[in-house]
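Novice: The sequence and its predicted three-dimensional model are supplied below.
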Amino acid sequence: MLAYTWLDNLVVISTFALALIILTFPILFWDNKAMYKLILPFTLSFLFALLLFFLPNGPLASAAFLLMNTLPFLFFALFLIVNPDIKINIIVLVFIAALSIWLLFSPEYYPLLASATNYLLTITSVIIVIAFIKYSRTPDYSLLLQLALFMSLFIQLSLFVHSQVMITVAVFLVYSLLVLYFRKNTYDYLTIRIAEAEQINAQWDRTVQQEVNKRIYEIKSEKYQLEESSRIDSLTGALNKAAITNLMCELIRDGSINNFTILLFDVDNFKNINDTEGHLAGDRILQQVSKIVQLSIRPHDSLGRYGGD
């Protein structure tokens, strides 16, 4: 069993407490309860890492430790596959897992790989600083998180020989960034989609309401035209026989009207005009007579065509 100082134990306990605060406490206030699932792989990995503290220090244990710390990223990759809108490259996650498996079956190459990693870590640190300065001014932090994964990989490989406790801290920090970014990115994406859907629905509501109002107006217009056509003589524009009859019946039934006048007249020798000049000429005469009478009567008087002329 490995011997650890009180400082190592303090780091482990502090890391676990910080994990509960950063991961568990905010999720309680998130609307998306599915985010609880992201805590499970991290918690399992953390517990496996604690168990590995009791294994003999060697390449095989270090490779197993790396594989256990890779599990949260593999679970997280499933969320990325299901949600393609989250812009994080899962190739990094696959690379970490493949490297862990390779170290499990080829522990003799571990010292060489760990030595080369020290140089890669220096180069990567410079790249991370440049990328942070460049991309921290933009709202898209996906590249920063991918670089953080690479940084985590190199830190693990370079520190396995020295301190597995510090590796646990590094894995926790990277995984916390992933979870928080996943929540923020998903929330922003869903917020935009919901706003777009509400805007489309509002536009559809306005369009449908306009079409409904237009159709109602057309129906009322058609109804009015039908009612008018059933009351109005199409040739002269005066009331037809049925409308005149109904009007007289209403006047007779109306008790407030004591008397009213009905004036009947016709066009003299109108039949001779139809016979000699034709019905078209007779129709024009009826139209002219109707116009003259309409101009001669009062606004509350009614004109109707009761017979042929």
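Specialist: All right, it came through fine.

Novice: Pull the contacting residues for T236.
Specialist: Neighbouring residues of T236 by C-beta atoms under 8 Å, 6 or more residues apart in numbering: L286, Q287, V289, S290, R305. Bear in mind the C-beta positions are built from the backbone N, C-alpha and C, glycine included.

Novice: Could you measure from the first one over to N274?
Specialist: Using C-beta to C-beta, to the nearest Å, one gets 10 Å for the distance from L286 to N274.

Novice: Check the third one too.
Specialist: Relative to N274, V289 is positioned 14 Å away (C-beta to C-beta).

Novice: what do you get for L251?
Specialist: 32 Å.

Novice: same thing with L263?
Specialist: 24 Å.

Novice: Low-confidence stretches in the stretch 151-300 of the chain?
Specialist: 151-190, 228-229 (pLDDT under 70).

Novice: tell me which element D275 falls in.
Specialist: Using DSSP states H and E, D275 sits in helix 270-277.

Novice: circling back to that earlier point, in PyMOL, how would I select the buried members of the contacts of T236?
Specialist: Selection of the buried residues among the contacts of T236 in PyMOL, burial being defined by 16 or more other C-beta atoms under 10 Å:
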select buried, resi 286+289+290+305
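
Novice: Among the contacts of T236, which one sits closest to I244?
Specialist: Here the nearest of the contacts of T236 to I244, counting by C-beta to C-beta, is R305; it sits at 8.0 Å.

Novice: mind listing what the closest one touches?
Specialist: R305 neighbours (C-beta under 8 Å, 6+ apart): D233, L235, T236, A238, L239, N240, K241, I244, L286, S290.

Novice: Just the buried subset of those residues, please.
Specialist: Using 16+ other C-beta under 10 Å as the threshold, D233, T236, A238, L239, N240, I244, L286, S290 are the buried ones among the contacts of R305.

Novice: now, which of the residues you listed lie within helices?
Specialist: Using DSSP state H, the subset of the buried ones among the contacts of R305 located in helices is I244, L286, S290.

Novice: now R305: how far from R298?
Specialist: Shown here: R305 relative to R298, a distance of 19 Å by C-beta to C-beta.

Novice: What residues does A281 make contact with?
Specialist: A281 makes contact with I273, N274, according to C-beta under 8 Å, 6+ apart.

Novice: Secondary structure element holding it?
Specialist: Using DSSP H and E, A281 falls in helix 279-296.

Novice: likewise N201?
Specialist: helix 164-231.

Novice: Mind listing what's buried along stretch 254-263?
Specialist: Residues of stretch 254-263 include none that count as buried (16+ other C-beta under 10 Å).

Novice: now what about that stretch, what contacts it?
Specialist: With C-beta under 8 Å, 6+ apart as the test, stretch 254-263 has contacts from M248, L251.

Novice: Extract the C-alpha trace of that stretch and format it as CSV.
Specialist: What follows is stretch 254-263 as a C-alpha-only set of coordinates in CSV (Å, rounded to 0.1, in the frame of the first residue of the first chain):
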residue,chain,number,x,y,z
ASP,A,254,-96.1,48.2,-37.3
GLY,A,255,-98.5,49.9,-34.8
SER,A,256,-96.5,53.1,-34.6
ILE,A,257,-97.4,53.9,-38.2
ASN,A,258,-100.9,55.2,-38.6
ASN,A,259,-100.9,55.6,-42.4
PHE,A,260,-98.6,55.2,-45.4
THR,A,261,-99.0,55.8,-49.1
ILE,A,262,-98.5,53.3,-52.0
LEU,A,263,-98.1,54.8,-55.4
